[in-house]
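> Have a look at this prediction, sequence included:
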Amino acid sequence: MSGINDYIDNEVKANDVVLFMKGTPGFPQCGFSGQVVQILDYIGADYKGVNVLDSAELRQGIKEYSNWPTIPQLYVKGEFVGGCDIVREMFQAGELQSFLVEKGVSVKGAA
């Protein structure tokens, strides 16, 4: 298990914004992952999508890593932000953009 944990840890720390999702940013395989992709694309945040469908070990590993039961999972600067509902609520409140800017992530239009 430590191998997958190291992989996740590395992805989270090596990329400013990482979305662990079902499918890819260009082709999301579930509605929740698709919503988060749309939000990130809309605000112009640069992010890396990691497809958890590539590996059952990764799909289980990410849930244990974050202690969060669902996918997608968004990480910013090594910090777990949340899943689809949290990202959507933050976005609708204009908090996601300011959160990213505070973390030093450039977005298209700061709210």
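All right, it came through fine. Remember, predicted model here, so these are calculated numbers, not experimental data.
> Which pLDDT value belongs to residue 108?
The predicted local confidence for residue 108 comes out at a pLDDT of 85.
> and residue 71, how far is that from residue 44?
23 Å (Cβ to Cβ, to the nearest Å). No exception for glycine: its C-beta is placed from N, CA and C like everyone else's.
> Those two: who's more crowded?
Legend: neighbour count by other Cβ atoms under 10 Å for residue 71 and residue 44, higher for residue 71 (22 against 12).
> doesn't residue 62 make contact with that one?
Yes: under the contact definition of Cβ atoms under 8 Å, residue 71 touches residue 62, with a separation of 6.7 Å.
> what touches both of those two?
For the pair residue 71 and residue 62, residues contacting each of them under the criterion Cβ atoms under 8 Å, 6 or more residues apart in numbering are 20, 52.
> ranges for the helices of this structure?
Per DSSP state H, the chain carries helices over the ranges 2-14, 31-43, 56-66, 84-92, 95-102.
> Tell me the gap between stretch 88-99 and the middle of its chain.
On the basis of Cα atoms, centre = their mean, to the nearest Å, stretch 88-99 sits 14 Å off its chain's mean C-alpha point.
> should've said stretch 44-52
A distance of 6 Å separates the C-alpha centroid of stretch 44-52 from that of its chain, computed with Cα atoms, centre = their mean.
> Go ahead and name everything in contact with it.
By Cβ under 8 Å, 6+ apart, stretch 44-52 touches 11, 15-25, 29, 37, 40, 58-59, 62, 71, 100, 105-109.
> so who does residue 12 touch?
Each residue near residue 12 by Cβ under 8 Å, 6+ apart is listed here: 18, 65, 75, 78.
> and which of those residues is nearest residue 3?
Comparing the contacts of residue 12 against residue 3 with Cβ to Cβ places residue 65 closest, at 12.5 Å.
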